[in-house]
Each structure stands twice: as C-alpha cells, then as structure tokens.
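Participant: using only what follows, build the 3D model:
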Amino acid sequence: MSDDAAIFVGASTADQYLLLKYANRHGLIAGATGTGKTVSLQTIAEGFSYSGVPVFMADVKGDLSGVSQAGGNSPRVLERARQLGIEGYGGRAFPTIFWDLFGEKGHPIRTTVSEVGPVLMARLLQLNETQEGVLNIVFRMADQQGLLLLDFKDLQALLQWVAENAGTLTTEFGNVSKTSVGTIQRQLLTLSQQGGEKFFGEPALDLDDMMLPDPSGYGRINILAADRLMQSPRLYATFLLWLLSELFESLPEVGDLDKPKFVFFFDEAHLLFDDAPKALLSRIEQVVRLIRSKGVGVYFITQNPLDVPETVLGQLGNRVQHALRAFTPRDQKAVKVAAETFRPNKAFDAAQVITELGVGEALLSFLDDKGVPFPVERCLIAPPQGRIGPATADERAAVMAASPLGARYDKVIDRQSAYEVLTGRVAAATTVPANPAPADGAPRRRGQYGSVPPTVPATTGPWGPRRSEPAPQVEQPIPPEPRPQPRLKTAQPPPQAPTPEPKRTPAGRQRDSVGVAVAKAAGRSMATVAAREAAKAMFGKGKAANIGASIGGAVLRGVLGSILR
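Facilitator: Okay, here's the model as predicted:
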C-alpha cells in the first residue's frame, strides 16, 4: 500500500494503515493514563501533516509542542523503528502554529459573543432554562437594533439595559426577571476572573488561517496550549465545541475526497459530554454525523470509551485502543464495551488482551479500502519523527516569531460596539439634560420605563437613531446664568385664624345659639299662659267664653311670638 494514500500507524504480523480517503470517518484513541495515547496521537497527526492535511489538536499536558522540533534521537525511539523495520527513519520538524486563549504560549484565539451564540454561552455560564431564555432575549434585541456583541463588556452593558427596561420588554418577549439578569452578570464576573473574557473580542479567528498550507507542501499542525485552559474545563469544552460547529457551518459540502481537508483531535473528550443537556448532545451527534461530508475528520482522545455516548461512539470507524485497567466494576464494563466495538479476531480474545497491553502497544482497527473495519490487531505503535516531549521556551518563541499569523492576531482591536453605543449615550445624557431632575434631586436613570436617552429624538425609539439615519449631534453645554442672591425678609407676626362665620338657615337667616333659642322658647311659653288668662278675663266662663279665649289667645301668641323672634 502506498504511503501517499495512507498513514502507517503500527504493525504486528501485518502492517496497519489509516487510509486517507476514510480518515474523515472519524476515530477514537482510548486508554488509561501512561499507556501511550499521546505518542499515538502525535504519530497520526504527523502522518496527516506529511500528506498535506492541516491538523488541530489541544496540548493538555504541554508535551505535544515537541512536534515543532526534530526528534528521532532517543534510544527507545530508534529501537522501536528497528523493531518495525522502518527504513530510513530519522527525525523531522513539522510546520507548527501555536495558539493560546490567554495569549501567553501562542497567538491569541478570539471570537465574538455573537458567534458563540446564546446556546453555547448559556452552557458556558451554567444557566438554567429561565436564565437561558433571558439571554436569548438579549441576543434578539441586539439583532433587532443592529448592536454588535463582540466582547464581555458589550454583553454586560446590554444586560443592564434589559434589566432597566424589563417592564417594557415583557409584553413582547415575556417575563424578564431582574433576578435572572443578576445571575447572568455574576456568572460573567466569575468567568472573567478565570480569564474567560480574553476569548471574546477581535480580531476573531478565521478558520481559513488554520488550514493554510505550508510552502513545503506539508499541512500545518495547529497546537492549542491547554494546560492552563484545563483549569476551566467548561471553557475548554465550549471552545472546542464552538470550533467544531464553526467548521461545520462555514465549510462547503465536498462529499468524499481522496484525503480530508482538516482533521480535528479532541483531547479529554469526556469534558465535552459531562453535564451536557440533551439538546446539546443532539447537536454534537448531528455535527459528528454530517461534518464528514465537509471533508473534516474528528478524533476523540479519552481514557475510557464509556466517556463517549453510544450515539457518537457508533460513528467512529477508526480505533486505537491502549490498555485499560479492570480494577473496578465500571472498568470491567469499559473493557467489555471496548472489546465488543472491534471486529473480532479469531487469534485472540480482545477483552483479555486489552488488560495485558504494554506501554506503546494498542489494538488497532481501521477501515479497509471498501470502508469495512479490519479485524482487530495487536500492534506496536510506530514512533513519531518529531520530538517526544515539550519544546523549550526559546524554541517556542522562535516558532511564533516565524509564524505568518502573528501580525494579524497578536494585537487586540476594540471597535465601536454595544458598550460604546450605550455608554456614549449615558455620557451625553449627563452632559445635556433634556428634562429637569426630579424634585427630590435624584438623577433620572437611563432608559427608565422605556424612556429614550435625553439627547435622542423621541421618534427614534429607545435605541437611538436607526441605522439609516445619521446620529444626532451633541450640543455643547450652555453655562447657566448666575442666580441672584435672595433678599432677607422681616419677620412678620403669625397670621391669626379667621373667626368662623355663623351658619345660616336655608331661608337665609342666621341660626340662633343654644342660649338664645332657650330664652325665646321660655318667652313663648310665658306669652301663651298670659294670653290664655287675659282671654278668660275678657270672655268669662262657658263654652262661648272658651272659644273666644282660644281665638284671643292665638292672636296674642302670634303678636308676642313675632316680637320674640
């Protein structure tokens, strides 16, 4: 079999090759710690580079950087090459580009908040469904208003605006809880303290730069320094999943090629699947299934095959299985699962051999020229030609200085985005107030109850002018005229309470007091008695006298009553 069409990985009674035309059928490198997974990874990655296929891999332990330096001078490596009968074996340095999310051991890798999206951002911040819903509203508002979400401060500024205008957003987007916004802000602060904010910004990574061919015709090996990144495992898994998703979305359909366009090695694969919600697992499975037609191969590296879900494990056609230790029931189950995923070999029991493999040995099973897995073989892994072990700091610096991408990614770009737009209007609002301050002296909050910033015409809405309209010019503040000093006033005697007017009857007469009313009533009674006695004296006794007395008394009472009113 020609070396131009395959990668020599190992040998026993027969040589074992990874066919390039089926390299995009994905693969798995598994085994316990110290069994040789890193050497197998380096050997396969060098084979892809030699064939002109660019590679990306994460350097979790810091010992993959040696691929940039020539190796082949170790006695153990030379002995392995002799055992396998490799002719003309020698050391070789491979074209390498170093990357680092923190910008310390490689070119900074950045992306924007918008490119990550609300789903991956919610997983990165460990949000629940309610908080993820609020985050979706923030991204939707940014899209509607044309605000750029590039870095952390853009997202924080927009979250603050959403919290201040929660009441006006509820009718359109549903309930926006300030408590949820506060939780998201706290999670952003935690991630920022871990250095995660350096991942967001510009210039954003262009995937085409990772797939640039080297002038020598070799494929470049992109190495991500992940030793510090592993201290934030959720950030590490989110970044790698984002990179895989970007490859899936940006690359065109190419079908089956003679060799892959790009190969992606995912070390510590269990971090990708730990605590992942069902929707995210479905997304990973979809990408793994369909990215093959984009010409991309994905290889998972993990200690235990059980770390990879069965739906994903069933898509991995190329297998390298190093030794497993069956000390616990879970380990024994892992051995059984690993053995059952291979096409059986009648010469040995795969489940038993897995526990007996030495360092540098592995069970290999690759796809043949018809796409069918070969029967599993117990093999010695071929030695890499690059150095086994890390490169020195000076060697790394020399590689970075010769990189064609340093001028593009090493300098941060901070252009106008959501943070600058929102905080700029706040500054303008404090310079030229359009409305007087409240009576209690408290300043009016920006965006309170959906109000527009003071310097923006009301017809433009709470976000300012539309993209098709020019931004309003901020007027220069006019100094206020000096206020005259207040004159001192002479002390005035306190005003006396006015005497209440007497109440009047409905007929317009004054109402009598209690004493006057009692006196008048007594007078009327005395007049009645006097009138009755006078009438008796005038008319005498008898019936006629009584009638006359009554009439005379009534007349006399009327006269006296009118006098006593």
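
Participant: what packs against the helix or strand where L41 lies?
Facilitator: Per DSSP states H and E: L41 is located in helix 37-50. Other helices and strands packing on helix 37-50, by 3 or more Cβ pairs under 8 Å, 6 or more residues apart in numbering; DSSP states H and E, are strand 6-11, strand 27-30, strand 55-59, strand 221-225, strand 262-267, strand 296-302, strand 318-321, strand 377-381. Where you see a C-beta, it was placed from the backbone N, CA and C, and this is true even at glycine.

Participant: check which helices and strands the third one sits against.
Facilitator: Going back to what we said before, that points to strand 55-59. Right, strand 55-59 is packed against helix 37-50, strand 221-225, helix 233-250, strand 262-267 by 3+ Cβ pairs under 8 Å, 6+ apart.

Participant: cool, and the fourth one?
Facilitator: Counting by 3+ Cβ pairs under 8 Å, 6+ apart, the packing neighbours recorded for strand 221-225 are helix 37-50, strand 55-59, strand 96-100.

Participant: and with 7 Å instead?
Facilitator: strand 55-59, strand 96-100 (3 or more Cβ pairs under 7 Å, 6 or more residues apart in numbering; DSSP states H and E).

Participant: could you do the last one as well?
Facilitator: Counting contacts by 3+ Cβ pairs under 7 Å, 6+ apart, the secondary-structure elements packed against strand 377-381 are strand 6-11, helix 37-50, helix 75-84, strand 361-365.

Participant: ok, residues contacting it?
Facilitator: Residues from elsewhere that reach strand 377-381, judged by Cβ atoms under 7 Å, 6 or more residues apart in numbering: 9-12, 14, 16, 36, 39-40, 43, 80, 83-84, 345, 348, 353, 360-364.

Participant: ok, 10 Å please
Facilitator: Strand 377-381 has contacts (Cβ atoms under 10 Å, 6 or more residues apart in numbering) with 9-16, 36-37, 39-40, 42-44, 80, 83-84, 320-322, 342, 345, 347-348, 350, 353-354, 356-366.

Participant: quick one: it to helix 75-84, angle?
Facilitator: 140 degrees (axes from the mean of the first three to the mean of the last three Cα atoms, to 10 degrees).

Participant: pLDDT on strand 377-381, on average?
Facilitator: Per-residue pLDDT over strand 377-381 has a mean of 96.

Participant: now do that strand: distance to the chain's middle.
Facilitator: The chain centre lies 45 Å from the centre of strand 377-381; the measure is Cα atoms, centre = their mean, to the nearest Å.

Participant: so which of the helices and strands packed on strand 221-225 is the most surrounded?
Facilitator: Of all the helices and strands packed on strand 221-225, strand 55-59 has the most neighbours on average by mean count of other Cβ atoms under 10 Å, namely a mean of 25.

Participant: who does that one pair up with?
Facilitator: Applying DSSP bridges, strand 55-59 is found paired with strand 221-225 (parallel), strand 262-267 (parallel).

Participant: and the angle from the helix holding L41 to helix 75-84?
Facilitator: 70 degrees.

Participant: CA atoms only for helix 37-50, dumped as CSV, please.
Facilitator: Presented in CSV, the C-alpha positions along helix 37-50 are these (Å, rounded to 0.1, in the frame of the first residue of the first chain):
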residue,chain,number,x,y,z
LYS,A,37,-2.1,7.7,23.9
THR,A,38,-0.1,10.9,23.3
VAL,A,39,2.5,9.1,21.2
SER,A,40,-0.2,7.6,19.1
LEU,A,41,-1.8,11.0,18.6
GLN,A,42,1.5,12.5,17.6
THR,A,43,2.2,9.7,15.1
ILE,A,44,-1.2,10.1,13.4
ALA,A,45,-1.0,13.9,13.4
GLU,A,46,2.4,13.8,11.8
GLY,A,47,1.1,11.4,9.2
PHE,A,48,-1.7,13.9,8.2
SER,A,49,0.8,16.8,8.1
TYR,A,50,3.2,14.8,5.8
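
Participant: what pLDDT, on average, does that helix get?
Facilitator: On average, helix 37-50 scores 96.

Participant: chain center to that helix, what's the gap?
Facilitator: Here the centre of helix 37-50 is set off from its chain's centre by 35 Å, with Cα atoms, centre = their mean.

Participant: next: stretch 225-234.
Facilitator: 18 Å.

Participant: please identify the buried residues of that stretch?
Facilitator: Buried residues in stretch 225-234, defined by neighbour count with 16 or more other Cβ atoms under 10 Å: 225-226, 228-229, 232, 234.

Participant: next: stretch 238-251.
Facilitator: 238-248, 251.

Participant: stretch 98-112 now?
Facilitator: Across stretch 98-112, burial judged by 16+ other Cβ under 10 Å covers 98-101, 103, 105-112.

Participant: narrow the contacts of strand 377-381 to those that are buried.
Facilitator: Looking at those with 16+ other Cβ under 10 Å, the buried ones turn out to be 9-11, 15-16, 36-37, 39-40, 42-44, 80, 84, 320-322, 342, 345, 350, 353-354, 357, 360-366.

Participant: tell me which of the strands paired with strand 55-59 is the most buried.
Facilitator: Sorting these by mean neighbours (by mean count of other Cβ under 10 Å), the first place falls to strand 221-225, with a mean of 26.

Participant: export only the CA atoms of that one, formatted as PDB.
Facilitator: Presented in PDB, the C-alpha positions along strand 221-225 are these (Å, rounded to 0.1, in the frame of the first residue of the first chain):
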ATOM      1  CA  ILE A 221      -0.100  21.400  12.800                       C
ATOM      2  CA  ASN A 222      -2.200  23.900  15.000                       C
ATOM      3  CA  ILE A 223      -1.500  23.300  18.700                       C
ATOM      4  CA  LEU A 224      -3.600  24.900  21.300                       C
ATOM      5  CA  ALA A 225      -1.900  25.400  24.700                       C
END
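
Participant: let's have the chain start at 28 instead
Facilitator: Noted, 28 is the first residue going forward, which turns the last one into strand 248-252.
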